[in-house]
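J.: predicted coordinates and the sequence they were generated for:
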Amino acid sequence: MKKVILTFVLGAFVFLSGCGSNESGNSVRVKETKLTLINLASPFNDRHQEYSGLAWYKDNLVLLPQYLFGRDSHSATGYLFTIKKSVILDYLKNLENHPLIKPDTLKVIGKGLTRFNRRGSGYESIGFIGDNVYFTIESIGEPTRTFLIKGKINNSGQRITLDSATLTQIPLQTNILNIGYETMVIDGDRIIVINEANGANVNSNPKAFMYDENLKLVSRLSMPHIEYRITDATYVENNKFYAMNYFWTGDRNDLKPWNDSVATKYGITSSQSATVGVERVLSFVIGKNKIELSGEAPIYWKVIPKKGRNWEGIARLDDKGFLLITDSFPTSLLGFVKKN
């Protein structure tokens, strides 16, 4: 019995050390960068937009609402929102005097897809290859399934039409309610999708799946164990991409976080821990049949204790840094953090 108790205590100590401490096995500690909020006009700043992804289409930042066609709706007409890069750059240069940003709209036609217009399901990521557009769609259930779908932008650039015949289910990897493939990585003419949950306790063998432009599966890529959630990623540049990695403490029972290897290697900032919340950007490289951490230190910023922000979209802003967007907590926030 004493051996059992001792084993339990040691296991609990390891768990708390990996998940709840600000301390790290590495004396090097990363610093927090400044998070700059970019104020959107109403109703684009409403938490009910529930943004789930960001992507660039030419020089337009595209904001993806989760309920693209409305929640509990039978509509086949929806809207993405877009902001010109020049408007964002001007805003960041003139923070004190800049008016609220009012995005433009981009119409989306999606016939035959209304079964996804319901609470918990929805559109989770977006990417562009030329004038082709790709989405992942989550369908809540037991298990929760995720699909890829392809669409096309018309010649005027004013309308996207989705092709329901291209709907392709991504292989199941976890069986956690409302957890699926929220991350899309565009690598040239390839689409890579990554599961939200890649932690050691919930995903024994994490994989990313690579598809061609016609949504044919071409490769399975091994993934490292990354604790917490991966919710969106940038396009690939020079074989590297960046991903949003965050933890809201209310997800503890679902994600069962264990040893945070990133914090062990690089340390963690004074405002962040698995007892408070984690919000950071990680960098990855794509190798032969695998995705690995790049060795670049994570980017952290100050978190809001006991509240958290559910960042679900990321896009690079040239070499300046990263644009981020939240789903609904504490509301719909668009932000910018500098690259280390």
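T.: Alright, I've got the coordinates.
J.: surely residue 210 touches residue 189?
T.: No: contact between residue 210 and residue 189 fails when scored by C-beta atoms under 8 Å: they sit 10.8 Å apart. Any C-beta I mention is one placed from the backbone N, CA and C, and that applies to glycine too.
J.: neighbour count: these two, which is higher?
T.: Taking other C-beta atoms under 10 Å, residue 210 and residue 189 do not tie; residue 210 has more neighbours (19 against 10).
J.: phi first, then psi, for that one.
T.: phi -110, psi 130 (degrees, to the nearest 10).
J.: and the residue lying closest to it once chain neighbours are set aside, what's its pLDDT?
T.: Nearest residue to residue 210, sequence neighbours excluded (C-beta to C-beta, 6 or more residues apart in numbering): residue 219, at 4.1 Å. Note for residue 219: predicted pLDDT of 97.
J.: can you check residue 275 too?
T.: For residue 275, the model assigns a pLDDT of 87.
J.: just give me the neighbour total for it.
T.: A count of nearby residues for residue 275, using other C-beta under 10 Å, gives 15.
J.: A strand includes it, no?
T.: No: counting by DSSP: H, G, I helix; E, B strand; the rest coil, residue 275 is not found in a strand; it is coil.
J.: distance check, it against residue 249.
T.: Taking C-beta to C-beta, to the nearest Å as the measure, residue 275 falls 7 Å from residue 249.
J.: and the strands in the stretch 1-150 of the chain?
T.: Taking DSSP state E, counting those that start in this stretch to define them, one finds strands in the stretch 1-150 of the chain at 32-33, 35-38, 51-57, 60-65, 77-84, 104-109, 122-129, 132-139, 145-153.
J.: mind checking how far residue 176 is from residue 52?
T.: Taken as C-beta to C-beta, the span from residue 176 to residue 52 is 17 Å.
J.: of those two, which one has the most company?
T.: Applying other C-beta under 10 Å to residue 176 and residue 52 shows that residue 52 carries more neighbours, namely 29 against 19.
J.: what does the nearest residue to the more buried one once chain neighbours are set aside show for phi and psi?
T.: What sits nearest to residue 52 in space, not counting adjacent residues and going by C-beta to C-beta, 6+ apart, is residue 66, at 4.3 Å. Taking degrees, to the nearest 10, you get phi -60, psi -40 for the backbone angles of residue 66.
J.: and if you look at residue 254?
T.: According to degrees, to the nearest 10, residue 254 has phi -80, psi -40.
J.: relative to residue 322, how far out is the closest residue in space to it that isn't next to it in sequence?
T.: Excluding its sequence neighbours, the residue lying closest to residue 254 (C-beta to C-beta, 6+ apart) is residue 176, at 5.4 Å. Plainly put, residue 176 is 27 Å away from residue 322 if you go by C-beta to C-beta.
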